[in-house]
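> Okay, predicted coordinates and the sequence, questions at the end:
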Amino acid sequence: MVEQKISLLLTEKFQEEPFKDCFLVEIKLHANNKLEVFIDCDSGLPLSMCQKISRFLEGHLDNEQWLGEKYIIEVSSPGISRPLSFYRQYKKNIGRKLVIKFIEEGKKKKEGILVDANENACFLEEKKTVKEGKKKKRTLEIVEIPYTTIKKAVIKPAFK
């Protein structure tokens with residue numbers, strides 16, 4: 001499969017010094033020979049890095065003819081509209097607003113500021129309203145959310 005070959009190439013490429021903090025998010029091969037490669041880097045993904053990866057992959061695709069002579073390749077970051085898939089993506093987005101939908105049916109989605117992440121869970125700062133007598137008080141609570149319970153986690157853009 002082309003996707004596996006591309007994945008192996010990128011795993012090898014990401015061992016090189018300028019690419020050490022990069023990682024593969026997803027590869028999609030469409031019926032019309034359009035190859036989409038989504039990568040990310042812990043320190044941010046500049047356009048120049050996407051261009052270098054694209055040229056690297058094009059060289060292999062041209063030499064090996066894995067997709068024939070005519071193909072389209074797009075190398076980009078996943079963007080904020082795509083769900084987070086890896087611990088490294090959570091770590092990178094600390095401080096941003098996150099919306100989480102759960103695997104468990106009927107469980108309410110959570111929304112809050114991503115304050116921390118480790119290899120097993122992410123931690124959201126959630127606004128809670130607590131009733132104290134006749135008054136309502138707003139509090140902040142840190143909630144631990146294991147990745148195994150998450151169906152989809154997406155960054156919610158902040159518009160100022």
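All right, it came through fine. Just so it is clear, the structure is predicted and the values come from calculations on it, not from any experiment.
> Flag every buried residue along the host helix or strand of Ser48.
In this assignment (DSSP states H and E), Ser48 forms part of helix 47-64. Neighbour-count burial for helix 47-64 flags Met49, Cys50, Ile53, Ser54, Phe56, Leu57, Leu61 (criterion: 16 or more other C-beta atoms under 10 Å). All C-beta spots, glycine's among them, are computed from the backbone N, C-alpha and C.
> Quick check: the gap between the closest residue to the fifth one other than its chain neighbours and Val37.
I take that to be Phe56. Leaving out its chain neighbours, the residue that sits closest to Phe56 by C-beta to C-beta, 6 or more residues apart in numbering is Lys13, at 6.0 Å. Lys13 sits 11 Å away from Val37, taking C-beta to C-beta, to the nearest Å as the criterion.
> shared neighbours, these two?
Common neighbours of Lys13 and Val37 (criterion: C-beta atoms under 8 Å, 6 or more residues apart in numbering): Ile53.
> tell me the mean pLDDT over the helix holding Ser48?
On average, the pLDDT along helix 47-64 is 94.
> what comes into contact with that helix?
5-6, 9-10, 13, 18-19, 22, 35, 37, 39, 41, 66-67, 71, 73-77.
> Quick one, which of those are buried?
Using 16+ other C-beta under 10 Å, the buried members of the contacts of helix 47-64 are 6, 9-10, 13, 19, 22, 35, 37, 39, 41, 66-67, 71, 73, 75-77.
> Just to be sure, which of those residues are found in helices?
Ile6, Leu9, Leu10, Lys13 (DSSP state H).
> okay, those in a markdown table with pLDDT and distance to Lys127 next?
Below are these laid out as a markdown table (pLDDT from 0 to 100; distance: C-beta to C-beta, whole Å):
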| residue | pLDDT | distance to Lys127 |
| --- | --- | --- |
| Ile6 | 95 | 42 |
| Leu9 | 95 | 45 |
| Leu10 | 96 | 40 |
| Lys13 | 95 | 43 |
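> Between those, which sits nearest Leu124?
Leu10 (31.0 Å; C-beta to C-beta).
> returning to that earlier point: can you give me every residue that contacts the residue nearest to Phe56?
With C-beta under 8 Å, 6+ apart, Lys13 has these contacts: Phe19, Ile53, Phe56.
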